[in-house]
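Participant: Sequence first, predicted coordinates after that:
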Amino acid sequence: QVQLVESGGGFVQAGGSLRLSCAASGRTFSTYPMGWFRQAPGKEREFVAAINRSGGSTHYAASVKGRFTISNDNAKNTVYLQMNSLKPEDTAVYYCAVSRASIVMPVSPPMVGSWGQGTQVTVSS
């Protein structure tokens, strides 16, 4: 079983930046793709970004493309989400996720094997 711990959330004004981190431990599936999802109050959990940690390919939701960047440090078993030009509509709880399979990018909740506990991001207008 893998454990995922997010950090880096907080409060920021519109136009600002935050960087989220996700540290993986336990049975870490070191080559499995990982990603980020978010869930705003009253809404379903939605895909944000994913990365293939062995090849480095990435995938983004249209709403964040060009503003968010996902990256990873395999030596530290950590995935990052750099969020720039934040908007109030980015306000949500952000969840780290690891794919349930080594060849599947986690771009929807059914593709996720394990979730982190979530970290709150609040963007004020």
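Facilitator: Yes, it's here. None of the values given here were measured: they were computed from a predicted structure.
Participant: What are the buried residues along stretch 17-30?
Facilitator: 18, 20, 21, 22, 23, 24, 29 (16 or more other Cβ atoms under 10 Å). In short, each C-beta sits where N, CA and C put it, glycine included.
Participant: correction: stretch 113-125
Facilitator: 113, 114, 115, 116, 118, 119, 121, 123.
Participant: Nearest the geometric middle of the chain, what residue?
Facilitator: residue 36 (2.0 Å; Cα atoms, centre = their mean).
Participant: ok but that one is inside a strand, no?
Facilitator: Yes. Under DSSP: H, G, I helix; E, B strand; the rest coil, residue 36 sits within a strand.
Participant: who's in contact with it?
Facilitator: 20, 22, 48, 49, 50, 70, 79, 81, 94, 95, 96, 97 (Cβ atoms under 8 Å, 6 or more residues apart in numbering).
Participant: Select from the buried residues of stretch 113-125 every entry located in strands.
Facilitator: Residues of the buried residues of stretch 113-125 located in strands (DSSP state E): 113, 114, 115, 119, 121, 123.
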